[in-house]
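S.K.: Mind looking at a prediction? Sequence and model below.
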Amino acid sequence: MVDIYRTTYDEKGAGHYVAPRLAYAYLNIGLHDASRQIVDELMKESPNDWRTWFLHWWLRGTEEQDRKSRRVNSSPHQPRPTMISPALTHRVFPTAEAASEALADEIAELIRSRAAEGRQVVLGLATGSTPIRLYAALVHLHRQGLSFANVVTFNLDEYLGIERSHEESYWNFMHFSLFDHIDVPPENIHIPPGTTPDEELDAACAAYENAIREAGGIDLQVLGIGHNGHIGFNEPSSPPNTRTRVMQLNERTIRDAANAFGGAENVPKRAITMGVGTILDARRIVLLAFGESKAGIVQRALTEEISANLPATYLQNHPDVTLYLDQAAAPR
Ligand code: F6R
């Protein structure tokens, strides 16, 4: 599976994804069919790889360029706003794609309005399979003219002990899915440093917190949710006031990542993550959850009492959180 993507290495050992780069190059010069052909081949050969899915959604966006309006509100299926927890609003969209496009539009509006005022926007970003369509939609908006020049980003987390060039590093994921395709200034991108030696970890975590503070705090934080209710890598039993720190990954989280790493034994056992308190400091939070497998934990996050056993319940304490769900993940 890996060979399709990583066939050349630079002098630092960083891999280059040849097939996706080719697909991207073809797309840029208007050879959409050639691009689609490569992606279709990848879909056949590596249907479970997130990179395949990112390319698929990204191309689909381009192929649908003629759609009159990209706003979900123009869809015949209106999202249903519903309240279960008085604090947590959720919106159910017909598909994960519609939810992702709605969030991409919200982010685009924020970026544009801040640009008009000559101000920056600070985005908190997540990784994993859930935000892939969001990033594809943002790349698509960039190709239609949206500039990310005034955007500063902070990622939620990074595995500890793997190089940036590792194909499962979040650094790699973010560059492949988003940063390589938009004009965000590289110096505005922040991802927790996963290769920090143990004796420097406290300082690295404190520096991450400082950088967020110096940027003026996070305007909009994108979250996914783990099957065990984690947000970022704040595993069950995380206290609410935690800041960026090292977290021991929980057995369920390691199991969920096992496939991508070619076995649970290869999954890093620790990560650096923004703390619960860091996340709750964001001015607005949008949590994305898609698919049947998330329905149970979403229901619990919406209905259970706030507890460290289910870190996503802490969101009930935040004044501006919305869950964007597809039908399958929606509470029954
Ligand atoms: C990733 C992160 C995690 C994921 C969660 C869901 O940066 O912080 O909390 O959002 O594990 O992962 P997926 O989307 O792969 O189901």
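M.R.: Nice, thanks for sending it over. Numbers count the residues shown, from 1 in each chain.
S.K.: Please write out the alpha-carbon positions of stretch 122-133 in PDB.
M.R.: These are the backbone C-alpha positions of stretch 122-133, laid out as PDB (Å, rounded to 0.1, in the frame of the first residue of the first chain):
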ATOM      1  CA  VAL A 122      -6.100  31.500  14.400                       C
ATOM      2  CA  LEU A 123      -7.400  28.000  13.600                       C
ATOM      3  CA  GLY A 124      -7.100  24.900  15.800                       C
ATOM      4  CA  LEU A 125      -6.900  21.900  13.600                       C
ATOM      5  CA  ALA A 126      -7.500  18.200  14.000                       C
ATOM      6  CA  THR A 127      -6.200  15.100  12.200                       C
ATOM      7  CA  GLY A 128      -7.700  11.600  11.600                       C
ATOM      8  CA  SER A 129     -10.100  10.400   9.100                       C
ATOM      9  CA  THR A 130     -12.900  12.800  10.000                       C
ATOM     10  CA  PRO A 131     -11.500  16.100   8.800                       C
ATOM     11  CA  ILE A 132     -10.200  14.800   5.500                       C
ATOM     12  CA  ARG A 133     -13.300  16.100   3.600                       C
END
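S.K.: How about residues contacting that stretch?
M.R.: Stretch 122-133 is contacted from outside by 50, 53-54, 57, 96-97, 100-101, 107, 151-157, 170, 173-174, 177-178, 212, 215-224, 232, 274, 279, 282, 288-290, using Cβ atoms under 8 Å, 6 or more residues apart in numbering. Every C-beta, even on glycine, is put in place using the N, C-alpha and C of the backbone.
S.K.: Buried members of those into ChimeraX, please.
M.R.: To isolate the buried ones among the contacts of stretch 122-133 in ChimeraX, judged by 16 or more other Cβ atoms under 10 Å, type:
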select :50,53,54,57,96,97,100,101,107,151,152,153,154,155,156,157,170,173,174,177,178,212,215,218,219,220,221,222,223,224,232,274,279,282,288,289,290
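S.K.: among the contacts of stretch 122-133, which are in reach of the ligand?
M.R.: Leu156, Asp157, Gly224, Gly232 (Cβ under 6 Å from any ligand atom).
S.K.: Tabulate those (CSV), appending secondary structure, distance to Pro268 and pLDDT.
M.R.: Shown next, in CSV, are those (DSSP: H, G, I helix; E, B strand; the rest coil; distance: Cβ to Cβ, whole Å; pLDDT from 0 to 100):
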residue, secondary structure, distance to Pro268, pLDDT
Leu156, coil, 15, 98
Asp157, strand, 11, 98
Gly224, coil, 18, 98
Gly232, coil, 15, 98
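S.K.: Over to the residue nearest to Pro239 when sequence neighbours are not counted: give its phi and psi.
M.R.: Among residues not flanking Pro239 along the chain, Ala308 sits closest, at 6.1 Å (Cβ to Cβ, 6 or more residues apart in numbering). When read as degrees, to the nearest 10, the backbone of Ala308 gives phi -60, psi -20.
S.K.: And Ala308, how close does it get to Ile225?
M.R.: To Ile225, Ala308 is 15 Å away according to Cβ to Cβ, to the nearest Å.
S.K.: higher neighbour count, these two?
M.R.: Ile225 (25 against 17; other Cβ atoms under 10 Å).
S.K.: Would you state the predicted confidence (pLDDT) at that one?
M.R.: Looking at Ile225, its pLDDT is 98.
S.K.: Secondary structure of it: a strand, I assume?
M.R.: No - in this structure, Ile225 is coil, not part of a strand, as judged by DSSP: H, G, I helix; E, B strand; the rest coil.
S.K.: Look up how far the ligand lies from it.
M.R.: The gap separating Ile225 from the ligand is 6 Å, by Cβ to the nearest ligand atom, to the nearest Å.
S.K.: tell me which parts of the stretch 201-332 of the chain are close to the ligand?
M.R.: Residues of the stretch 201-332 of the chain lying near the ligand (Cβ under 6 Å from any ligand atom): Gly224, Ile225, Gly226, His230, Ile231, Gly232, Phe233.
S.K.: Tell me how many other residues surround the fourth one.
M.R.: Meaning His230. 26.
S.K.: What residues does it make contact with?
M.R.: Pro236, Ser238, Asn250, Thr253, Pro311, Ala312.
S.K.: which one among these gets closest to Gly118?
M.R.: Ala312 (35.9 Å; Cβ to Cβ).
S.K.: ok, the closest one touching Ala301?
M.R.: Yes - the pair Ala312 / Ala301 is scored as a contact, 3.9 Å apart, by Cβ atoms under 8 Å.
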